[in-house]
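Novice: here is a sequence together with a model predicted from it:
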Amino acid sequence: MAWVLLVIAGLFEIGWAIGLKYTHGFSRLWPTVGTVTAMIISITLLGWAMRSLPVGTAYAVWTGIGAVGTVLLGIVLFGEAMTMARLTCVALIVTGILGLKLTS
């Protein structure tokens with residue numbers, strides 16, 4: 001169950017990272033409310049997952065999910081560069097996440 005909570009926390013991390021772009025420096029009310037809500041949910045779920053997962057593993061997986069998802073959505077939503085170097089780095093992060101899961 002801790003891994004499920006951790007993955008959901010990572011998905012909410014993606015949500016708040018992308019949401020930051022839409023807040024325009026926290027000057028737009030509803031994007032700010034959504035972003036802050038996603039932050040709270042993400043941190044809460046991360047804390048619950050850490051009850052039974054090692055802190056280093058949980059934090060690395062949480063940030064890895066957030067990083068990978070944010071890069072991919074940045075490409076899709078904001079037209080950010082999709083270079084082979086960026087995709088290779090994303091693949092390395094995914095490999096690290098899977099490695100941590102398999103060894104925990």
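Specialist: That came through, no problem.
Novice: which residue is the nearest non-sequential neighbour of L46?
Specialist: A9 (4.4 Å; Cβ to Cβ, 6 or more residues apart in numbering). Glycine gets a C-beta too; all of them are placed from N, C-alpha and C.
Novice: just checking, that neighbour touches L45?
Specialist: Yes: between A9 and L45 a contact is recorded at 3.5 Å, counting by Cβ atoms under 8 Å.
Novice: tell me where the chain has helices.
Specialist: Using DSSP state H, the helices of the chain run over 2-23, 29-49, 55-78, 84-102.
Novice: now those helices as JSON lines including mean neighbour count and mean pLDDT?
Specialist: Listed next are the helices of the chain as JSON lines, based on neighbours: other Cβ atoms under 10 Å; pLDDT from 0 to 100:
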{"stretch": "helix 2-23", "mean neighbour count": "19", "mean pLDDT": "97"}
{"stretch": "helix 29-49", "mean neighbour count": "16", "mean pLDDT": "98"}
{"stretch": "helix 55-78", "mean neighbour count": "17", "mean pLDDT": "96"}
{"stretch": "helix 84-102", "mean neighbour count": "13", "mean pLDDT": "94"}
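Novice: give me the most central residue, the chain.
Specialist: G66 (1.6 Å; Cα atoms, centre = their mean).
Novice: that one contacts I14, correct?
Specialist: Yes: G66 lies in contact with I14 (Cβ under 8 Å); the separation is 5.5 Å.
Novice: overlap in contacts, those two.
Specialist: Between them, G66 and I14 share no contacting residue under Cβ atoms under 8 Å, 6 or more residues apart in numbering.
Novice: for E13, see how far away the residue nearest to T35 when sequence neighbours are not counted is.
Specialist: Nearest non-adjacent residue to T35, counting by Cβ to Cβ, 6+ apart: G19, 3.4 Å away. G19 sits at a distance of 10 Å from E13 (criterion: Cβ to Cβ, to the nearest Å).
Novice: perfect, that will be all.
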